[in-house]
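> Turn this into a model:
(chains A and B)
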Amino acid sequence: MNRPLGRAVLGSLALVGVAAGLWLAFTSSPDAFQQDYVRIMYVHVPGSWLAFLAFGVTALGSLGWLVSKRMFFDRVAEASAEVGVLFTAVSLFTGMLWGYPVWGTFWDWGDPRMASTALMFFVYLGYLALRRAVSDPVARARRSAILGIVAVVQVPLVYFSVTLWRSLHQGMTVRPDGIAMDGSMVAALLVNISAFTVLYAYLMVERVRLAGLESETAVIETELAGRSVSKPNLEGLS
Amino acid sequence: MSRFWIQAWTIARRDLLVEGRSRETVAVVVPFATAAVFVVPFATDALDVRLATIAFPVYWLVGLLFGMQVALRQTAVESLAQRRQLALLGTDPVARFTGRVASAAVLILVVLVVTAPLIFLFYDPDPIARPWPMTGVLVLFAAGMAMLSTLAGDITTGLATRTSLAPLLVVPVSVPLLLGAAQSLESLVRGRTTLPWVLTLVVTDLALALTGVMTARSLEESNT
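Okay, the predicted model is just below:
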């Protein structure tokens, strides 16, 4: 997806999809108990899903680099971690916005999903900080690959936290025995999840491309050994 | 004793000998931790706040922060030449990790053991009904903190921002250790079973040990 036309198509799809998803979010029926506050869910759930997906892709990219040593995988891991941190922040922020009117508080320490998501956010901030601290590309790729694989352990912990521990957070809505939601709400949710996933794909393509350009620039800016050697001044010696 | 354990023992012994000469933990970190235990009540209104209620949280927080400081102490940092020499001598990276973790765990235990009586002296918390199981909890906590901090230290070796970056990597991941240790102590004080929380500590320690073993070779390549 390096061709400008492909990127433009993907970007347009993401834009149209997110616009359609938000329109559905504002026009779908309100919840019997949560009223209009349920509309926050149409951004919150895709944000959480994409955080999981992004950190999973980071781990796969890290594994890919360790196995093949191809820098492309390192760029994928980096891009996905950055986008994942963005979507985790979206998920946390919208969760807090929803929590205040529905639970009566922005933050509840008794909820393991909230606490574990915040921890995951900090771990990946550490991952990004580590990347910025190492200047050598190979050392950076190796160190962050190890952290990228170790850190992904949190994703299943965050996902299953609502079933593993007692939680204020609602349980799984989509279960093997059915979906505990109204049809119009499910449609709006699925459109938003799909649209935000396309947005994730677009952001990934752009960020991976940018990372490639950054590494090319780094090579160009590296001073060649010969440049530091100047011609000896032999004037007046003959 | 197999070659692996001889190497691990040698590395641990070297780290403890260096500590014996420099006394960074005993002469710097432990007094600092003691001062922290003493200073916290000044951050509360000691007339209104019952210090006993914050005694154990303060203890574990001091254990976490100063334990991390012990594992990441300056005198335990291996230079590039030392790391290369160990690699060229054929030292097993896993044995090196084991040795460094063992020495760090011993020193973290020193911090925990020294600060425990101070907590009882200054904060007057409820007595622990069964003190002996607490020894096991302290060992599991110290081992976990040592493994986690050693891993973070190895990942950030040679970086200019190591002293601030390594704690950023350690603190969020240390939560299962903190939770397991703190809840075990609470359970002991209340006379409840500690089993689920001790299991949390054991599982976390095993996961960290597995991570250390699996990443030791890659980290050695990265740092030499």
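> Spatially central residue for chain B, please.
Here the mean C-alpha position of chain B is nearest to the C-alpha of residue B:145 (Cα atoms, centre = their mean), at a distance of 3.5 Å.
> wait, does the longest helix that chain B contains contact chain A?
Of all the elements of type helix in chain B, the one with the most residues (DSSP state H) is helix B:93-123. No - between helix B:93-123 and chain A, judged by Cβ under 8 Å from any Cβ of the partner chain, nothing touches; the nearest distance is 12.5 Å. Where C-beta positions appear, they are placed from N, C-alpha and C, glycine not excepted.
> and that helix, what's its mean pLDDT?
Averaging pLDDT along helix B:93-123 gives 94.
> For the most centrally placed residue in chain A, give me its contacts.
Closest residue to the average C-alpha location of chain A: residue A:84 at 1.3 Å, with Cα atoms, centre = their mean. The contact partners of residue A:84, by Cβ atoms under 8 Å, 6 or more residues apart in numbering or on different chains, come to A:50-51, A:53-55, A:57-58, A:124.
> Next, the buried residues of the longest helix of chain B.
By neighbour count with 16 or more other Cβ atoms under 10 Å in any protein chain shown, helix B:93-123 contains the buried residues B:93-112, B:114-116, B:118-119, B:123.
> do the same with stretch A:25-41
A:25, A:28, A:31, A:37-41.
> Now for residue 138, how many residues are close by?
All of this refers to chain A. Neighbour count of residue A:138, defined by other Cβ atoms under 10 Å in any protein chain shown: 14.
> if you could check chain B rather than the one you did, that'd help
19.
> Skipping adjacent residues, who's closest to it in space?
Nearest non-adjacent residue to residue B:138, counting by Cβ to Cβ, 6 or more residues apart in numbering or on different chains: residue B:112, 5.2 Å away.
> So that neighbour sits against residue B:143, correct?
No - under the criterion of Cβ atoms under 8 Å, residue B:112 is not in contact with residue B:143, lying 11.5 Å apart.
> What distance do you get for residue A:157 to residue A:109?
Distance of residue A:157 to residue A:109, computed by Cβ to Cβ, to the nearest Å: 17 Å.
> Looking at these two, which one has more neighbours?
More neighbours surround residue A:157 than the other of residue A:157 and residue A:109, with 14 against 8 (other Cβ under 10 Å).
> what about the more buried one, which helix or strand?
helix A:154-164 (DSSP states H and E).
> orientation of the helix or strand harbouring the residue nearest to the centre of chain A relative to helix A:154-164 in degrees?
Element membership of residue A:84, judged by DSSP H and E, is helix A:71-103. Here the directions of helix A:71-103 and helix A:154-164 differ by 30 degrees (axes from the mean of the first three to the mean of the last three Cα atoms, to 10 degrees).
> buried stuff in helix A:71-103?
A:73-88, A:90-92, A:94-96, A:98-99, A:102.
> what is the mean pLDDT for that helix?
In the prediction, helix A:71-103 has an average pLDDT of 93.
> Show me what secondary structure element comes after it.
Next along the chain after helix A:71-103, taking DSSP H and E as the criterion, comes helix A:112-133.
> Which elements pack onto that following helix?
When contacts are defined as 3 or more Cβ pairs under 8 Å, 6 or more residues apart in numbering or on different chains; DSSP states H and E, helix A:112-133 packs onto helix A:41-68, helix A:71-103, helix A:137-151, helix A:154-164, helix B:162-173.
> does any part of the fourth one sit near chain B?
No - figure legend: helix A:154-164 not in contact with chain B (Cβ under 8 Å from any Cβ); closest approach 8.5 Å.
> Give me the angle between that helix and helix A:41-68.
Compare the direction of helix A:154-164 with that of helix A:41-68 by the same axes, to 10 degrees and you get 140 degrees.
> in helix A:154-164, what counts as buried?
Quick answer for helix A:154-164 (16+ other Cβ under 10 Å): A:154-155, A:158-159, A:161-162.
> residues near residue 147, how many?
Picked chain A for this. Neighbours around residue A:147, by other Cβ under 10 Å: 26.
> sorry, should have said chain B
27.
> Name all residues that make contact with the nearest residue to it once chain neighbours are set aside.
Distance criterion Cβ to Cβ, 6+ apart; nearest residue to residue B:147, sequence neighbours excluded, is residue B:208 at 4.1 Å. Residues near residue B:208 by Cβ under 8 Å, 6+ apart: B:144, B:147-148, B:151.
> give me the element residue B:208 is part of.
helix B:195-223.
> how distant is that helix from the center of its chain?
Remark: helix B:195-223 is offset 13 Å from the chain centroid, using Cα atoms, centre = their mean, to the nearest Å.
> quick one: that helix to helix A:137-151, angle?
Using the same axes, to 10 degrees: helix B:195-223 against helix A:137-151 is 170 degrees.
> Could you list the single helix or strand in chain A with the lowest mean pLDDT?
Taking mean pLDDT, DSSP states H and E as the measure, chain A has strand A:174-175 as its least confident helix or strand, at a mean of 65.
> which parts of chain B sit against chain A?
Residues of chain B found near chain A (Cβ under 8 Å from any Cβ) are B:151, B:155-156, B:159-161, B:165, B:168-169, B:171-173, B:175, B:207, B:211, B:215, B:218-219, B:221-222.
> Any regions of chain B where pLDDT drops low?
Low-confidence segments of chain B, defined by pLDDT under 70: B:1, B:46, B:48.
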